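Colleague: pasting the structure only:
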């Protein structure tokens, strides 16, 4: 028979378990939502009170969509529409006698204008470019980001747009979330790009969550598993099955896999697992002076040489 003290201890554990899950549930929600200024109450960091900071610590903070920096006038703005009627904004630029088109996809919390440096490089290599804001990012509609799960449709829509406009040589480039989402789009929609350039894709959604926690100075476990679980529950899918490291097994086109050697979010082991599961022609390149950032910007000469050679 349980003693009164043991019963109280068990009750305390249950209360703590419930409280932890409530807090993690709230953070999972905030982690997967982005808003434009005016949609929710956004308090500037300089004006936050102690109470504001405490609430954010417990319940998470409202994340703001990054605003795009307008490109030059050579870009044409187009719109793609998801099956849920979300309008995605994309920029399309053509060059004379193009060899093909590169579709570019940004990272988590980012925006398409973050990839203008890469787009300019692909234009200089003789390729048209299509840059798309994922749902809930940049100038696209929606507030919910599922870290690649439903965003696979966004990649499919961009690919289909190019295909319907007569493009025969389609290259997909993505960084971080963008790279991971490309692998899921190929898995889900059986699209057939000619080549892939994947920079710093996470191996699995649990890995991505753990990487985010590490750079926040928080223990990756058990928080990572709890955040992954509740994030998936909130959005109607089993998040532990989001596995780019497995999706690459069915890809048949050549793949250039790249990472920054000092990346604090995507580990060497993650990249190794992805690389080992690729059965198509492949190349893995590490950048000694880069972290989880634009390799094109940080190590321009090496990036230009490597990518130009891969596209030949």
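Modeller: Yep, that arrived. Bear in mind the structure is a predicted one, so any value in this text is a computation, not a measurement.
Colleague: contacts, neighbours, all on C-alpha from now
Modeller: Will do.
Colleague: any chance you could map the helices in this structure?
Modeller: For the chain, the helices defined by DSSP state H cover 4-31, 50-59, 116-124, 152-164, 177-189, 205-215, 223-235, 244-247, 268-277, 295-298, 300-311.
Colleague: which residues does residue 243 contact?
Modeller: 203-205 (CA atoms under 8 Å, 6 or more residues apart in numbering).
Colleague: tell me the phi and psi of it?
Modeller: When read as degrees, to the nearest 10, the backbone of residue 243 gives phi -130, psi 80.
Colleague: Would you quantify the distance from it to residue 168?
Modeller: When CA to CA, to the nearest Å is applied, the distance between residue 243 and residue 168 equals 28 Å.
Colleague: picking up where we left off before, let me have the helices of the chain in JSON lines, extended by distance to residue 288.
Modeller: Conversion of the helices of the chain to JSON lines gives the following (distance: least, CA to CA, whole Å):
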{"stretch": "helix 4-31", "distance to residue 288": "30"}
{"stretch": "helix 50-59", "distance to residue 288": "35"}
{"stretch": "helix 116-124", "distance to residue 288": "19"}
{"stretch": "helix 152-164", "distance to residue 288": "30"}
{"stretch": "helix 177-189", "distance to residue 288": "20"}
{"stretch": "helix 205-215", "distance to residue 288": "20"}
{"stretch": "helix 223-235", "distance to residue 288": "28"}
{"stretch": "helix 244-247", "distance to residue 288": "23"}
{"stretch": "helix 268-277", "distance to residue 288": "12"}
{"stretch": "helix 295-298", "distance to residue 288": "10"}
{"stretch": "helix 300-311", "distance to residue 288": "10"}
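Colleague: how about those helices, which one is nearest residue 94?
Modeller: Each of the helices of the chain was scored for nearness to residue 94 using CA to CA, and the closest is helix 116-124 (7.9 Å).
Colleague: That closest one versus helix 300-311: what angle between them?
Modeller: In terms of direction (axes from the mean of the first three to the mean of the last three CA atoms, to 10 degrees), helix 116-124 departs from helix 300-311 by 50 degrees.
Colleague: now helix 116-124: mean pLDDT?
Modeller: Per-residue confidence for helix 116-124 averages out to 98 on the pLDDT scale.
Colleague: Report the contact partners of the residue lying closest to residue 211 once chain neighbours are set aside.
Modeller: The shortest distance from residue 211 to any residue that is not its chain neighbour, by CA to CA, 6 or more residues apart in numbering, is 4.2 Å, and that residue is residue 265. With contact set as CA under 8 Å, 6+ apart, residue 265 has these partners: 208, 210-212, 214-215, 292.
Colleague: ok, now residue 296?
Modeller: Under the criterion of CA under 8 Å, 6+ apart, the neighbours of residue 296 are 117-118, 303-304.
Colleague: Apply the buried test to the residues you listed and list what passes.
Modeller: With neighbours counted using 16 or more other CA atoms under 10 Å, these contain these buried positions: 118, 303-304.
Colleague: Now residue 58: closest residue in space that isn't a chain neighbour?
Modeller: Distances taken as CA to CA, 6+ apart place residue 23 nearest to residue 58, at 5.9 Å, with adjacent residues excluded.
Colleague: thinking again about what came up before, can I get the contacts of residue 243 in TSV with pLDDT, distance to residue 274 and neighbour count?
Modeller: Listed next are the contacts of residue 243 as TSV, based on pLDDT from 0 to 100; distance: CA to CA, whole Å; neighbours: other CA atoms under 10 Å:
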residue	pLDDT	distance to residue 274	neighbour count
203	98	6	25
204	97	10	21
205	96	13	25
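Colleague: Lovely, talk soon.
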